[in-house]
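Asks: Would you be able to build a 3D model of this:
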Amino acid sequence: QVFPSQDPLDRADFNAVEYINALFPTEQSLANIDEVVNKIRLKIRRLDDNIRTVVRGQTNVGQDGRQALEEAQKAIQQLFGKIKDIKDKAEKSEQMVKEITRDIKQLDHAKRHLTTSITTLNHLHMLAGGVDSLEAMTRRRQYGEVANLLQGVVNVLEHFNKYMGIPQIRQLSERVKAAQNELGQQILADFEEAFPSQGTKRTGGPSNVLRDACLVANVLDPRIKQEIIKKFIKQHLSEYLVLFQENQDVAWLDKIDRRYAWIKRQLVDYEEKYGRMFPPEWCMTERIAVEFCHVTRAELSKIMRTRAKEIEVKLLLFAIQRTTNFEGLLAKRFSGCTLADGTGKKPEVPPPSTNPFLEDETGAEADEIVMEKSDTDKPKKPKVPDNPFHGIVSKCFEPHLYVYIESQDKNLGELIDRFVADFKAQGPPKPNVDEGGAVLPSCADLFVYYKKCMVQCSQLSTGEPMIALTTIFQKYLREYAWKILSGNLPKTTSSSGGLTITSLLKEKEGSEVAKFTLEELCLICSILSTAEYCLATTQQLEEKLKEKVDASLMERINLTGEMDTFSVVISNSIQLLVQDLDAACDPALTAMSKMQWQNVEHVGDQSPYVTSVILHIKQNVPIIRDNLASTRKYFTQFCIKFANSFIPKFINHLFKCKPISMVGAEQLLLDTHSLKMVLLDLPSIGSQVVRKAPASYTKIVVKGMTRAEMILKVVMAPHEPPVVFVDNYIKLLSDCSTDTFQKILDMKGLKRSEQSSMLDLFRLRLPAPPPGGDSAGSLSLSAPTPEQESSRIRKLEKLIKKRL
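Replies: Here you go, the predicted structure:
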């Protein structure tokens, strides 16, 4: 393993005999035996020499190792001595450095302390001189110099906060506070003198002294600044409170414009006279406007409570419109920085909304709600940031918006009544299959009015009035659904014209008509399309209402019940269409069950009842499809529901055809196949554009009609021997119900005694159901093997293919 070798002599399983045989495989090779022996002897000598050399080389190894170890120990001792010397020298150097730097550190500390002392003395000198100057300037009302000096003194005093334990420093601090208090009282007195709170005449006016005083107030306690602002604004609006007292004629809502005109003049007057007196960061113009809004809201609330019975809708809307216009004007002129508790911070701009139905509200009162699916793909504009002044005055109208809500309730009631009257006067919409089912125009009118009300109310309030308006919307959506849509659906009659075998045999194309007329079918389709339009638009309306209302009230807006109502209208409309076509086919199925199938002598073309069913399908389905062109999914639902209704009914009538002869069963199988082909082509029957039927519909038709074919194939199969017949039934139908098997036996016309033995055999031959599943209701669509088919069944299949 250590020295790998390919030499056979080194192998662990070396075999001398095999090695020799490998060297001399034949007798002729023995001629070289001497040469081989010499080579081996030479190899042996070489190995002996190698061994001898190795043994001699190991003689002095132990002595050399001991000598090397002693030399290594000596080298380690020398290295240890050198390291110790270096360490001692390092300690001496460190001690020397400490002695050298000790004096330098002392000098450095002295320098730092000396610098601090000089700086503190300078500050103290500045503070003492500043306090003296501040007191002198205060007495002389030199506010311009005081403003800069006071700020500097306050900044310098901050450096002495940790020295307040020293009496002299504490005394200077108290003198500064006393000077600040004196300045505050003095400035307030100057403003009171310039703008007295009593009387209507302003004895003072703007001056450089007051302007400098405002700069000083910026440095003083914020309460001084707030007191100046409060007194000035109060004095500035005192005239307003007198002019628009509650008992004045101009105070009522019809003259609300005069209030806003007055404040506009006052703001212009302020800018001209006092605009430069107050610092720009005080935002005095905006503060005057905001205080005016608060006073106006309080005054309007008080007068509206007193004269609540005099408020009319038009007057209320006029006042709200003028007020919101004024609030919009304020938003354009001011930033709203004074609204956030005087902190000067602007209100946060809400992030852009990601609502997929968001749209620009400019001119929204004249726009319709977006209904088309294509519009949902258009890029939506980001929502404009909210007006910070919205509701600052108009909030007072919110308690009285019940007048507006009641008015909209009345208007919507009248609108629904007008829709009902117009429908009765104009009648149902005219059939127009080229354009598809037309949506009733009243539907669009209703939602346009809803949009107008929603936008208008959201401008008035986004709180409880929006919830009240939503309740009104819900009420009239339900009324529209029942009065206009469900109320105008054609009524079904219980009586249905019978169809005898004789009439079927004499039937001519076009002699039979559906229960509903063409106009009635178009009306049902129109109502269905309108209900779908209302369903989609109601969902969008709910989203828009949630967007308009306050976030805390969003959960209270829910139009799911109204959407369910429109879904019920859609379902009822589809059910009416299905019942109409289903009822038109009933006489033909009844005639099929009354025919004497045991007397049929030969298989011919499809029976008259099949022609009648196909005729009714070709009459109704194209009309319904063309009128539901814009709502293909509901046409598909119609087809599926009709198939689910017609096929079980056809199978039930098939069981009533008894007894059936072999030829009769063949004719019924041909008829069943014809109906199957017609049903598979039902979605595109009579259409120039052939479309593939939906897979869900095709699956239902194939499953149901294949079951009918399997029933007839079982009837056609011979009942002897009984075991083969029962096994064939179980394989074809996979129906473990004894009732179905009993009906099959009745169709074959077997006697009761034969049926009894067959039923007993059927119960014995039933396969055991698999664990965890029920296969009784499953349907096997596999075709029988040729060995199990009789010759007559194969002959019938060839006949069907030939007919097709």
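
Asks: Residue 576: what secondary structure?
Replies: Secondary structure state of residue 576, per DSSP: H, G, I helix; E, B strand; the rest coil, is helix.

Asks: need the helix or strand of the chain with the lowest average pLDDT.
Replies: Using mean pLDDT, DSSP states H and E, the weakest-scoring helix or strand in the chain turns out to be helix 501-505, at a mean of 38.

Asks: Return the set of buried residues in the following helix or strand past that helix.
Replies: Per DSSP states H and E, the first helix or strand lying C-terminal to helix 501-505 is helix 518-548. Across helix 518-548, burial judged by 16 or more other C-beta atoms under 10 Å covers 520-548. Quick note: C-beta positions are derived from backbone N, CA and C, even for glycine.

Asks: Please give the number of neighbouring residues around residue 662.
Replies: As a burial measure, residue 662 scores 19 neighbours (other C-beta atoms under 10 Å).

Asks: Give me the pLDDT value at it.
Replies: pLDDT for residue 662: 88.

Asks: Ok, residue 550 next?
Replies: For residue 550, the predicted pLDDT is 86.

Asks: do the same with residue 49
Replies: pLDDT at residue 49 comes out at 91.

Asks: And residue 575, by the same measure?
Replies: So residue 575 comes in at 92 (pLDDT).

Asks: i'd like the first residue to be 11 from this point on
Replies: Sounds good: first residue 11 from here, last item residue 585.

Asks: State the distance from it to residue 654.
Replies: Between residue 585 and residue 654 the computed distance is 12 Å (C-beta to C-beta, to the nearest Å).

Asks: Could you do residue 297 as well?
Replies: 74 Å.

Asks: quick one, which of the two is more surrounded?
Replies: residue 297 (21 against 15).

Asks: Just give me the longest helix of this protein.
Replies: helix 71-150 (DSSP state H).

Asks: packing partners for it?
Replies: Contacts defined by 3 or more C-beta pairs under 8 Å, 6 or more residues apart in numbering; DSSP states H and E place helix 71-150 against helix 153-168, helix 177-204.

Asks: what mean pLDDT does that helix have?
Replies: Mean predicted lDDT for helix 71-150 stands at 82.

Asks: and residue 346, which of the three is it?
Replies: Secondary structure of residue 346, per three-state DSSP, is coil.

Asks: What segments of the stretch 211-360 of the chain are helices?
Replies: 218-229, 232-246, 248-253, 266-284, 294-316, 323-343 (DSSP state H, counting those that start in this stretch).

Asks: Next: the stretch 711-814 of the chain.
Replies: Going by DSSP H, counting those that start in this stretch, the stretch 711-814 of the chain shows helices at 732-743, 748-758, 762-775, 801-813.

Asks: Also the stretch 361-510 of the chain?
Replies: 412-436, 451-470, 474-489.

Asks: Select, out of those, the one closest to residue 23.
Replies: helix 474-489 (99.7 Å; C-beta to C-beta).

Asks: got the angle between the longest helix of the chain and helix 177-204?
Replies: 50 degrees (axes from the mean of the first three to the mean of the last three C-alpha atoms, to 10 degrees).

Asks: Tell me how far helix 71-150 lies from the chain's centre.
Replies: 68 Å (C-alpha atoms, centre = their mean, to the nearest Å).

Asks: picking that back up, weakest of the helices and strands packed on helix 71-150 by average pLDDT?
Replies: helix 153-168 (a mean of 66).

Asks: Using CSV, lay out the helices of the stretch 711-814 of the chain together with mean neighbour count, distance to residue 501 and mean pLDDT.
Replies: As requested, the helices of the stretch 711-814 of the chain are arranged in CSV below (neighbours: other C-beta atoms under 10 Å; distance: least, C-beta to C-beta, whole Å; pLDDT from 0 to 100):
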stretch, mean neighbour count, distance to residue 501, mean pLDDT
helix 732-743, 18, 40, 82
helix 748-758, 19, 36, 84
helix 762-775, 14, 46, 81
helix 801-813, 13, 42, 53
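
Asks: domain ranges for the chain?
Replies: 159-343, 404-500+527-582 (the TED database).

Asks: first to last residue in the shortest one, what's the distance?
Replies: In other words, domain 404-500+527-582. 47 Å (C-alpha to C-alpha, to the nearest Å).

Asks: was I right about residue 608 contacting residue 667?
Replies: No. Using C-beta atoms under 8 Å, residue 608 is not in contact with residue 667; the gap is 9.5 Å.

Asks: shared neighbours, those two?
Replies: Counting by C-beta atoms under 8 Å, 6 or more residues apart in numbering, the shared contacts of residue 608 and residue 667 are residue 674.
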